Each structure stands twice: as C-alpha cells, then as structure tokens.
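A.B. asks: Test case, fold it:
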Amino acid sequence: MVLAACAPARQGVFLTRDFADPATAYGRALREHTRSAELYSGLDTVAKAWATWRSPPLREALVATTAARYRLGPDEAERMRAEELRAARLAWEFHVALYTPSPDTNDLEKPDTLWRAVLELPDGSRVEPVQVVALPKNDKSRVEYPYVSPWTREYTLIFPKTGEPGPEVRPVLWLTGPYGTLRFDFGPSDR
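C.D. replies: Numbering: from 1, shown residues only. This next block holds a predicted model:
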C-alpha cells in the first residue's frame, strides 16, 4: 500500500472527495437537513435513528453533485432537477435509517408496527405518512447517506403536502410508541 501511494499518478485518473463530503454542495446540504436521535432504557439502547429531510435545497444539491460526478449532460441534469423539485412540491419526504437491537422492532413499513410516524408542521398541524417504504440494502445508500450501516434498516417516509408552504417552513418528524419517542427537529441549527 505504501508503494502504491508513492507511485506517480496515472494520466486521466482523478480521485474525488466522498460524495457526501462536507466540501461538496450535497455534503453541506446533507449536514443541514439531517438529524439524529437516540433512545435508551438505562444503559440499554432501545433505538438510534438518523433522518434526512429531502427538502428542495437538499434535492438541488444532490442533482448538482450527481451531475458533476456522473458527468451528466445539461439536458439530463435538468430532467433530474425537474423530477426532484416536482417530488418536493408534491410531498414531504424523509430518508430514515433506524437501528434497534431486535429486528422485530425495526418494522416501520408494517401496518402493525409499534412505531407511529408523525410529521408536525410549524402551525401545529400533524399528519401521518401516506407511504412508508422499507428500502433494500445497496451501496448507493451508503454513498448518499453515510450514516447508513450494516445494522440499520432504511425507510422512505412520505407525508402529504397541503397548500404550498414557504421556504421558511421547517417540519418536526416524530417516531413514537411504547418504547419512547425519537424527535427530529428540522428547524434552523448551528450545524
């Protein structure tokens, strides 16, 4: 390995920063739009979770970084941008990675789960998801969401959007149930 590091760089080979590195637009947006929460019973871990709000700024940054990394043409990048922004206008969407010591309690997608997902808006209204999708494990997830690990399960949570909230509207996501509550406040932070 030391010898490889000393070898001259090959022409046409470029090493780039990690996709979600804070030096990238996406990395900065990911940091701003991701929250984590932990739930303990004494010294025992009940649950740990990470939630990323797929907000319009996060989606814009994802498109910009994806277009640069995959060297997308302008038309392809614009199509991707339009699709992402359309999805953001239609619904509130969150990527969630959840760890629980028991696989039986990591089942957000099931109708009889012990967890209840709720989205609270600044006006105090609360909505439940219209869709919860358990995501399959893949390498792309760990690139886009570096908090994903072999011990977490991933979900997409989609909540209905009513009206057109302004850019200053910041939601609060709750995962709650008999074990306790995980709260993800997407209000302004000092990140």
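
A.B. asks: quick one: buried residues of whichever strand or helix holds R86?
C.D. replies: Using DSSP states H and E, the element containing R86 is helix 74-90. Counting neighbours by 16 or more other CB atoms under 10 Å, one finds that the buried residues in helix 74-90 are 77, 80-81, 84, 88. To be clear about C-beta, it is placed using only N, CA and C from the backbone, and glycine gets the same treatment.

A.B. asks: contacting residues around stretch 70-87?
C.D. replies: Counting contacts by CB atoms under 8 Å, 6 or more residues apart in numbering, the residues outside stretch 70-87 that touch it are 54, 56, 59-60, 62-63, 66-67, 93.

A.B. asks: Count the neighbours of N138 for me.
C.D. replies: For N138, the count of nearby residues is 10 (other CB atoms under 10 Å).

A.B. asks: Now tabulate the buried residues of helix 74-90 in TSV and tack on pLDDT.
C.D. replies: Formatted as TSV, the entries for the buried residues of helix 74-90 read as follows, by pLDDT from 0 to 100:
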residue	pLDDT
A77	95
M80	95
R81	95
E84	94
A88	91
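
A.B. asks: Pick the one among those closest to E120.
C.D. replies: Within those, proximity to E120 (CB to CB) peaks at A88, which comes in at 18.6 Å.
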